[in-house]
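# After the sequence you'll find the predicted model.
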Amino acid sequence: MSEIPEEIKAIGAAIQQSKQELQRIFASGNVEAIKKKVEEVREVIKRLPEPFRSIETVQTLMNLSMAFLQTGRIQDAFEYSDDGARIAEALVEQLPDQPQPQDLLSGVLSAKANLLLTVGKIDLAEECAKRAYALAERIFNKNDVRLTKSLRNLGVILGRKGELAEGEKHLLRAYTIVCLASGAQSPEAQMLTEDLVNMFLAKEDLESAEKYARSNFKKVSELATKSPRDELILADSASRLGSLLVKRGNFEEAEGLIAQALSLRENSQSDNFNPIGVAYSLAQLAGIQEESGKITAKTEEMLIRAVDIFATAKGQQSPEVANSLNQLRSVRMKRAADRAKNGETDADDGTSTTRVVSENRSVLNGGGDSSPLRSDPFGMTDLDRKKMAALGADDGESRLMLAQAYFQSSKFLAASILLTEAHDLFVKQEGPGGEKTKMAKQNMMVSHMKRIDQLWLSAAREELMHLEDELSKQTVSASLTDDSGFASDDEEPPQPVKKTAASKLKAPATAAASHENKKNKLTPEEELFLRSLDAAPKAQASTCVIS
């Protein structure tokens with residue numbers, strides 16, 4: 001194989017540098033500066049010989065087109081897409097027998113089809129997608145994985161047009177090729193499964209949608225290993241099938257699948273772990289229990305945890321937080337109505353309107369503990385304790401890494417404990433002025449403050465729902481009045497809502513002081529957390545800086 005000439009290497013390096021500069025300018029949003037830099041990049045590319053000159057130019061233009069599309073500048077996206085297509089067409093005419101120019105044009109046409117589909121020009125999108133597929137089929141073998149891009153685009157567009165049989169045929173062929181090449185558990189196979197399911201869902205064909213979701217789940221279950229990557233893909237596949245079964249009214253099987261997805265996501269050790277997936281599973285599972293009429297205290301606990309994760313990851317004002325809070329309010333009112341109907345009180349079902357018992361933590365020391373910390377659904381699980389116990393006695397780095405995972409999952413108690421231990425270890429190893437010591441201390445303070453916010457927000461939220469329960473009871477009483485709007489002579493007027501102690505909450509001077517007059521026994525982890533709060537200086541940071 002001949003060595004690349006030094007001149008070509010130098011041109012390649014110059015092109016790469018120009019592209020990096022273009023990316024920085026693009027991030028600024030200055031369109032005029034972007035277009036000026038594009039022309040400079042093209043001038044550098046012109047130093048390459050053909051066909052590399054045209055290929056590099058087309059790829060640059062199509063990347064720009066996609067970037068403009070993502071930022072909502074549709075006209076600029078079309079401008080660069082059309083320019084790239086023109087150059088690719090010319091290259092195919094110059095080298096009609098070469099596969100590389102045809103592959104390039106096929107990719108350009110596929111991208112342009114997506115762009116046209118975005119603006120609703122389905123017929124033009126179909127035309128581009130069919131040309132792209134024809135070119136790809138001409139140069140690749142029938143089971144070549146490089147065919148799948150054009151097959152997928154054409155299948156999605158045909159499905160959007162309502163030609164389900166043709167769309168299904170192309171998507172299924174792409175799915176089969178990917179499964180042969182990479183397996184049903186590959187990300188590409190999951191993406192194509194999602195396309196097939198969504199195509200039939202859009203036409204309200206739930207039976208066909210379930211068929212493909214179930215088929216993929218069966219294959220993934222059979223092929224999945226214990227690797228973190230495979231477990232997350234299995235969780236996604238289980239969640240997809242569970243969601244479809246909810247639409248079909250099969251709540252029992254759906255609940256099992258979503259519970260499986262939740263367990264896999266919560267216990268994931270993958271580098272790609274995303275706590276948002278846990279929150280969605282919690283909300284889904286709670287929704288299934290509500291729809292099937294199996295609401296319990298655990299339903300509320302799951303929704304509270306989902307709210308907290310969404311708030312941490314997406315912000316308090318996010319739609320996910322609002323939806324979960326509405327769902328939680330609905331669940332609380334239904335439970336209150338059921339208890340009132342059966343003549344029960346809050347104590348009858350072992351819960352309190354101002355206390356939540358953890359869904360997933362084992363009650364230590366014989367159970368029955370009603371400490372406010374013990375009632376928190378973001379505390380310590382048996383699995384958490386096992387993970388901590390497995391850490392080496394002097395392993396501060398592993399404690400930092402595990403603390404990061406807990407912080408992202410809104411388990412601030414576990415994160416605080418780990419960071420306190422890591423800080424103490426680093427002090428022994430490198431002294432109080434060491435870099436690791438400082439980082440552990442800063443992260444410890446952030447976790448402490450997040451934990452305090454979590455507890456007070458939970459208390460405030462519970463009190464708000466308690467007041468709503470009281471108001472709903474008044475509403476029921478009011479509905480029993482006569483036509484004049486006044487209560488009948490044999491009925492007592494509803495009593496005004498009294499403010500409870502929880503509605504006058506004030507932050508304690510120290511964390512331990514807030515529990516001075518409480519007789520509830522704390523777990524060892526909770527006692528360590530409280531002691532570390534009182535001993536620690538006040539934190540100023542509001543976000544975790546674990547890297």
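Sure, I can see it. Residues are numbered from 1 along each chain as shown.
# Tell me who's in contact with the closest residue to R131 other than its chain neighbours.
Distances taken as C-beta to C-beta, 6 or more residues apart in numbering place L109 nearest to R131, at 5.2 Å, with adjacent residues excluded. To be clear about C-beta, it is placed using only N, CA and C from the backbone, and glycine gets the same treatment. Applying C-beta atoms under 8 Å, 6 or more residues apart in numbering to L109 gives the contacts 85, 128-129, 131-132, 135.
# Which secondary structure element is home to L109?
helix 99-118 (DSSP states H and E).
# Could you pull out the buried residues of that helix?
Using 16 or more other C-beta atoms under 10 Å as the burial criterion, the residues of helix 99-118 that qualify are 101-117.
# cool, and stretch 23-39?
25-26, 34, 37-38.
# next one: stretch 396-410
Under 16+ other C-beta under 10 Å, the buried positions of stretch 396-410 are 396, 399-400, 402-410.
# Cross these against strands and list the overlap.
Among the buried residues of stretch 396-410, DSSP state E puts none in strands.
# before we move on, back to that, now rank the contacts of L109 by neighbours and give me the top one.
Highest neighbour count within these, by other C-beta atoms under 10 Å: A129, with 27 neighbours.
# And that residue, how far from I8?
A129 is 35 Å from I8, where distance means C-beta to C-beta, to the nearest Å.
# thinking again about what came up before, so which of the buried residues of stretch 23-39 comes closest to L171?
Closest to L171 out of these is F26 (33.1 Å), distances taken as C-beta to C-beta.
# How about the contacts made by G242?
Taking C-beta under 8 Å, 6+ apart, one finds 253-258, 261, 284, 288 in contact with G242.
# which one of those residues sits closest to A189?
For those, the closest approach to A189 (C-beta to C-beta) belongs to A261, at 17.5 Å.
# Could you tell me whether that closest one really is in a helix?
Yes. A261 forms part of a helix when assessed by DSSP: H, G, I helix; E, B strand; the rest coil.
# about what we covered before: and the buried residues of stretch 396-410 as a markdown table, adding distance to F217 and pLDDT?
Formatted as a markdown table, the buried residues of stretch 396-410 follow (distance: C-beta to C-beta, whole Å; pLDDT from 0 to 100):
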| residue | distance to F217 | pLDDT |
| --- | --- | --- |
| G396 | 41 | 84 |
| R399 | 37 | 85 |
| L400 | 36 | 84 |
| L402 | 31 | 85 |
| A403 | 34 | 84 |
| Q404 | 31 | 82 |
| A405 | 27 | 79 |
| Y406 | 30 | 81 |
| F407 | 32 | 82 |
| Q408 | 27 | 77 |
| S409 | 25 | 75 |
| S410 | 28 | 76 |
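# of those residues, closest to K149?
Using C-beta to C-beta, the buried residues of stretch 396-410 come closest to K149 at Q408, 33.3 Å.
# Tell me who's in contact with that closest one.
By C-beta under 8 Å, 6+ apart, Q408 lies in contact with 273, 275, 312-313.
# 10 Å instead?
Shown in contact with Q408 (C-beta atoms under 10 Å, 6 or more residues apart in numbering): 273-276, 278, 309, 312-313, 415, 544, 546.
# May I see those arranged in CSV, with neighbour count and distance to E56 as well?
Shown next, in CSV, are the contacts of Q408 (neighbours: other C-beta atoms under 10 Å; distance: C-beta to C-beta, whole Å):
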residue, neighbour count, distance to E56
F273, 18, 37
N274, 15, 35
P275, 22, 40
I276, 17, 38
V278, 26, 43
I309, 26, 44
T312, 23, 43
A313, 18, 39
A415, 29, 47
C544, 19, 42
I546, 19, 40
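# in this structure, which ranges drop under the pLDDT threshold?
The chain contains residues with pLDDT under 70 at 1-4, 344-382, 384, 452-547.
# Geometric centre of it: which residue is closest?
I276 (3.4 Å; C-alpha atoms, centre = their mean).
# is it true that that residue lies in a helix?
Yes. Checked against three-state DSSP, I276 lies within a helix.
# ok, it touching F310?
Yes. Contact criterion C-beta atoms under 10 Å: I276 and F310 qualify, at 7.5 Å.
# shared neighbours, those two?
Common neighbours of I276 and F310, counting by C-beta under 10 Å, 6+ apart, are E320.
# so which strand or helix has the nearest residue to L105 once chain neighbours are set aside?
With sequence-adjacent residues excluded and distances taken as C-beta to C-beta, 6+ apart, L105 is closest to A88, at 4.2 Å. Using DSSP H and E, A88 falls within helix 74-94.
# can you check S54 too?
In this structure, S54 sits in helix 52-70 according to DSSP H and E.
# mind listing what's buried in that helix?
53-65, 67-69.
# among these, which two are most distant?
Top of the distance list for the buried residues of helix 52-70 (C-beta to C-beta): R53 and L69, 25.0 Å.
# Nearest to D97 among the contacts of Q408?
Of all the contacts of Q408, D97 sits closest to N274, with 47.2 Å by C-beta to C-beta.
# Quick check: the closest one vs L241, distance?
Look at N274 and L241: by C-beta to C-beta, they are 20 Å apart.
# And for D83?
From D83 across to L241, the span is 44 Å (C-beta to C-beta).
# who's more crowded, these two?
L241 (28 against 18).
# hang on, isn't L192 packed against G167?
No. Using C-beta under 10 Å, L192 is not in contact with G167, being 11.9 Å away.
# which one of those two has more residues nearby?
Between L192 and G167, counted using other C-beta under 10 Å, L192 has the larger neighbour count: 28 against 23.
# so what's that one up against?
Contact analysis of L192 by C-beta under 10 Å, 6+ apart lists 148, 151-152, 155-156, 171-179, 184, 186, 212, 216.
# Those, buried ones only, as a PyMOL selection?
Applied in PyMOL, the following selects the buried portion of the contacts of L192 according to 16+ other C-beta under 10 Å:
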select buried, resi 148+151+152+155+156+171+173+174+175+177+178+179+184+186+212+216
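# Out of the contacts of L192, which sit inside helices?
Mapping those onto helices (DSSP state H) picks out 148, 151-152, 155-156, 171-179, 212, 216.
# which of those residues sit farthest apart?
V156 and C179 (18.2 Å).
# What helix or strand is A306 located in?
helix 297-314.
# Do I have it right that N63 meets A77?
No. Taking C-beta under 10 Å as the definition, N63 is not a contact partner of A77, at 11.1 Å.
# Which neighbours do the two have in common?
Joint contacts of N63 and A77 (C-beta under 10 Å, 6+ apart) are A111.
# so L391, which of the three states?
Each residue gets one of three states, and L391 gets coil by three-state DSSP.
# Spatially nearest residue to it (excluding sequence neighbours)?
Leaving aside its sequence neighbours, L391 sits nearest to S398 (C-beta to C-beta, 6+ apart; 5.2 Å).
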